[in-house]
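> A structural model of the following input is requested.
(chains A and B)
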Protein chains: 2
Amino acid sequence: MNHYRSLRIALLGAGSVGSQVARLLIEQQHELAARVGAPLELVGIGVRDVDAKRDVELPRELLTDDLETLVAGADIVVELLGGIEPARTLLLEALAAGADVVTANKALVAAHGPELFEAAAVVGAHVAYEAAVGGAIPIIRPLEQSLAGDRVTRVMGIVNGTTNFILDRMHTEGSSLEDALATATALGYAEADPTADIEGFDAASKATILASLAFHTEVPADQVHREGITGVTDAMVQQAERGGRVLKLVAICERVAGEDGADRVSARVHPVSLPGTHPLAAVHEAMNAIFVTAESAGDLMFYGAGAGGPETASAVLGDLVSMARRHVAGGPGMPVSTHANLGLAPFADVLARHELALTVADRPGVLARIAGLLSEHGVSVESVRQDPSDGSASLVLGTHTASEGRIASVLEALEQQDDVERIDSVIRLID
Amino acid sequence: MNHYRSLRIALLGAGSVGSQVARLLIEQQHELAARVGAPLELVGIGVRDVDAKRDVELPRELLTDDLETLVAGADIVVELLGGIEPARTLLLEALAAGADVVTANKALVAAHGPELFEAAAVVGAHVAYEAAVGGAIPIIRPLEQSLAGDRVTRVMGIVNGTTNFILDRMHTEGSSLEDALATATALGYAEADPTADIEGFDAASKATILASLAFHTEVPADQVHREGITGVTDAMVQQAERGGRVLKLVAICERVAGEDGADRVSARVHPVSLPGTHPLAAVHEAMNAIFVTAESAGDLMFYGAGAGGPETASAVLGDLVSMARRHVAGGPGMPVSTHANLGLAPFADVLARHELALTVADRPGVLARIAGLLSEHGVSVESVRQDPSDGSASLVLGTHTASEGRIASVLEALEQQDDVERIDSVIRLID
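The predicted model follows:
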């Protein structure tokens, strides 16, 4: 096995992750060869502009802008270009030629995962994408392999570092959302245009991937209910803290029992209020963590850096070494299992406890009328907190578990109600 | 692939984990067959006494006390007997016959792992042991595969639920060690004879396994420095809390730079004092967690139930499904990599900050003499806290980073010192 031929590695992309992968492949070539049982030969680095300035100095002779030719001769293609095209076409070509693929491209896997997995299955190749969710955190492999004999019931993850940083600062330093976002931008945690992060698009891509894996079911990205953090106010943060809780933006993928008894899958992204003692509550700054509940295993959590060049490169290299070992040992890739293909649960069927914060007229009978309105819609009240506030009153109603559909009709009815001046916020509680 | 023949599974042991594995194999046979691509046929359950009473009712016709015959006809042997013999001999026979092996037996893997891995490599079979460390927590596969392209620098784990439960109760409820142990026994977290847990033997077996994996180096169990929790006092708990810290029993496996510049491996088990903000500090009750630091990935943590029948069965089934998929797909097992074979660092070379709590005579010049003594041994003092106490004084000295060897000679010298009435405790700090 020590005399196995070199494995030809084609690297696509030399950004913050790609340049670290190239550096490690070159610096640690002896160590990696010993671990794999064969040398890993970096045959080229495909970039748009070979003369662009880069963080890490890369050997000039490896850079090429002819990505198609580079891919054609490779045993393993590592795709770190990001975006859909040309990544998708290049990887389909690579797979058709029998190469294995490693990618960190969450948008591509979320949108075109099934197409790539099918192309791989045809030739017995493999697509690995550990780095696409949770950066350095091993989560794909545990879901795919370690929990392969268990039934996952829920995956709940802090999978976006930017929004976790912002919410964490709002709690720990009392910052406003705007100030915390400005700090995140200054520290390089947020992009110049933070929309993909703060509106939850990034987390929604990851929810798609996690839901597909955990429930052996394809979940299209446009079926993920998505709310970002732009609606989170100081008042909501304080309200959570009064209850010993913290607000976190999470991606939730859950097995939901439908009314017909058949299991469905719900995938959604929105802020939740967690008890301060929940393991996810201790995830600070821009760190990520994924909390998994399975029938036999119980609760598991996977914690680490969700982004960053070297951190993400670690996950890419882990995939690369596993795949290279398989080349040396022989044997085809493992097909991805979507055999369950559960239906998707509409967001309206999802259950949660809610806290509705309202500004109401300060007059007799208001509470009774509002409680009656909730009851008419089948939502029962668990707790009430009322504070006077300048002629009006601020009212926080905690509900028992209710479906999102019922809560939506309650909110609609509250908006028509004369007593209600304003609906200040709706927070979902998770225990 | 749907017409692949059944895979013959032999189960050894029908205790709390084994009976759950049997139940899941029977109850979820259709789901598992779909995931694997072939039926998993439980051909027999090897037990000492087929008539013994069990937690889960198992089909009488599957039980046998002829373990050798059972093993001989299996594709995959699942060993949940515990202890060294007859487990070791049966698994060597199974491997020699080409069967794959799944085991949760930490004592066996710690003591005879290399022998089993070699026997597997000879025939291209595989030994999987995810359940041997951290129960339900996926930690073996992440270390073996996800971090395969990175350099692990430290693994620090709460890998024993009993001792974590006891220390947690001492902190959260102010219990004494004796009371907390009694509660642990009453709740079924501690065995009638708790020695293996509270003296750190169980954690030391796991340290051996983790160190071997993380550093590609065989670490014999008798090379693991081991201290349990029996020396932990209420005063030590309070001292930690005054500094915003908590005491945890951890297994630490670390890459240590030797004086010759070559890396060595240190594996040890002892209580440490962690900052309250450390992710491991939030691991309560009998939960386990393993905190891994790697050069590129940074800090990762894996959290979950470290014991329990169904929880451990989840990890066993994960291994079993992975192995069965490999049978269906074809291709040999991956040999275990011990190619680095680093030397072992003596405990005396390990570095840490320490807190030395002393009861000293309350007379002039004591502090200066004691500080001078530390300095003579090359240990420098970072913080001092002195409280009078009935004619004597209680003195807590925080040191800068110093080797265990230097601290040991300081302690020896302090014992000879007239000013020192008693050495109350030595606590190692980790940040």
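> A:Phe347 against A:Ala267, yeah?
No: A:Phe347 is not in contact with A:Ala267 according to CB atoms under 8 Å; the separation is 9.5 Å. From N, CA and C alone the C-beta is placed, and that goes for glycine too.
> So between these two, which is more surrounded?
Using other CB atoms under 10 Å in any protein chain shown as the criterion, A:Phe347 and A:Ala267 rank with A:Ala267 on top: 31 against 18.
> List the contacts of the helix or strand harbouring A:Thr293.
Taking DSSP states H and E as the criterion, A:Thr293 maps to strand A:287-294. By CB atoms under 8 Å, 6 or more residues apart in numbering or on different chains, the surrounding residues in contact with strand A:287-294 are A:133-135, A:137, A:139, A:142-143, A:147, A:150-161, A:164, A:210, A:214, A:278-280, A:283, A:299-307, B:136, B:301, B:314.
> Quick one: mark the members of these that sit in helices.
Among the contacts of strand A:287-294, the ones falling in helices (DSSP state H) are A:Gly161, A:Asn164, A:Leu210, A:Ala214, B:Ser314.
> Next, count neighbours for the last one.
By other CB under 10 Å, 34 other residues sit near B:Ser314.
> show me what contacts it?
Counted by CB under 8 Å, 6+ apart, B:Ser314 has contacts A:Leu147, A:Gly149, A:Asp150, A:Ala294, A:Ser296, A:Ala297, B:Ala136.
> Name the nearest residue to the single nearest residue of the stretch 51-200 of chain A relative to chain B, ignoring sequence neighbours.
With CB to the nearest CB as the measure, A:Gly149 is the residue of the stretch 51-200 of chain A nearest to chain B, at 2.4 Å. Residue nearest to A:Gly149 in three dimensions, not counting chain neighbours: B:Leu317, with 2.4 Å by CB to CB, 6 or more residues apart in numbering or on different chains.
> doesn't A:Glu295 make contact with the one you found?
No: using CB under 8 Å as the test, B:Leu317 is too far from A:Glu295 to be in contact (10.9 Å).
> which of these two has more neighbours?
B:Leu317 (29 against 15).
> you'd agree the more buried one is in a strand?
No: per DSSP: H, G, I helix; E, B strand; the rest coil, B:Leu317 lies outside any strand segment and is helix.
> who touches it in this structure?
Per CB under 8 Å, 6+ apart, neighbours of B:Leu317: A:Ala148, A:Gly149, A:Asp150, A:Ser296, B:Val21, B:Leu24, B:Leu25, B:Leu32.
> what secondary structure does the last one sit in?
In three-state terms, and counting by three-state DSSP, B:Leu32 is helix.
> quick one, what contacts the closest residue to it other than its chain neighbours?
Of all residues not flanking B:Leu32 in the chain, B:Leu40 sits nearest, at 5.3 Å (CB to CB, 6+ apart). Residues near B:Leu40 by CB under 8 Å, 6+ apart: B:Ser6, B:Leu7, B:Ile9, B:Leu25, B:Gln29, B:Leu32, B:Ala33, B:Leu320, B:Ala324.
> Mind listing the residues bridging to B:Leu40?
Beta-bridge pairing of B:Leu40 under DSSP bridges involves B:Leu7.
> list the buried ones in stretch A:108-116?
A:Leu108, A:Val109, A:Ala110, A:Ala111, A:His112, A:Gly113, A:Leu116 (16 or more other CB atoms under 10 Å in any protein chain shown).
> Going by distance to A:Ala94, which of the residues you listed wins?
Top of the list for closeness to A:Ala94, among the buried residues of stretch A:108-116 and by CB to CB, is A:Leu116 at 9.9 Å.
> got any residues that touch both of A:Phe347 and A:Ala267?
By CB under 8 Å, 6+ apart, A:Phe347 and A:Ala267 have these common neighbours: A:His225.
> out of the buried residues of stretch A:108-116, which touch chain B?
Restricting these to those touching chain B (CB under 8 Å from any CB of the partner chain) yields no residues.
> Throw those into a markdown table and include secondary structure and pLDDT, thanks.
Shown next, in a markdown table, are the buried residues of stretch A:108-116 (DSSP: H, G, I helix; E, B strand; the rest coil; pLDDT from 0 to 100):
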| residue | secondary structure | pLDDT |
| --- | --- | --- |
| A:Leu108 | helix | 96 |
| A:Val109 | helix | 95 |
| A:Ala110 | helix | 93 |
| A:Ala111 | helix | 93 |
| A:His112 | helix | 94 |
| A:Gly113 | helix | 92 |
| A:Leu116 | helix | 95 |
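> about what we covered before: pick out the most distant pair among the contacts of B:Ser314.
Every pair of the contacts of B:Ser314 checked by CB to CB; the farthest is A:Gly149 and B:Ala136, at 11.2 Å.
> and stretch A:315-326, average pLDDT?
Stretch A:315-326 carries an average pLDDT of 93.
> Any idea how far it is from the middle of the chain?
Centre-to-centre, stretch A:315-326 and its host chain are 22 Å apart (CA atoms, centre = their mean, to the nearest Å).
> do stretch A:206-226 as well
10 Å.
> I'm curious whether it, anywhere along its length, sits up against chain B.
Yes: if you take CB under 8 Å from any CB as the test, stretch A:206-226 does meet chain B, through A:His216.
> Format the CA atom coordinates belonging to that stretch as CSV.
C-alpha atoms of stretch A:206-226 as CSV (Å, rounded to 0.1, in the frame of the first residue of the first chain):
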residue,chain,number,x,y,z
LYS,A,206,-28.0,24.6,5.9
ALA,A,207,-31.5,23.6,7.2
THR,A,208,-32.2,22.1,3.8
ILE,A,209,-29.0,20.0,3.9
LEU,A,210,-29.5,18.9,7.6
ALA,A,211,-33.2,18.0,7.0
SER,A,212,-32.3,15.9,4.0
LEU,A,213,-29.7,14.0,5.8
ALA,A,214,-31.4,13.6,9.2
PHE,A,215,-34.7,12.4,7.7
HIS,A,216,-33.6,10.6,4.5
THR,A,217,-35.9,13.0,2.6
GLU,A,218,-35.3,15.6,0.0
VAL,A,219,-36.3,19.1,1.4
PRO,A,220,-36.2,21.8,-1.3
ALA,A,221,-34.7,25.1,-0.2
ASP,A,222,-37.9,27.0,-1.0
GLN,A,223,-39.9,24.8,1.4
VAL,A,224,-37.9,26.1,4.4
HIS,A,225,-39.9,28.7,6.4
ARG,A,226,-37.5,31.5,7.0
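> Alright, calling it a day.
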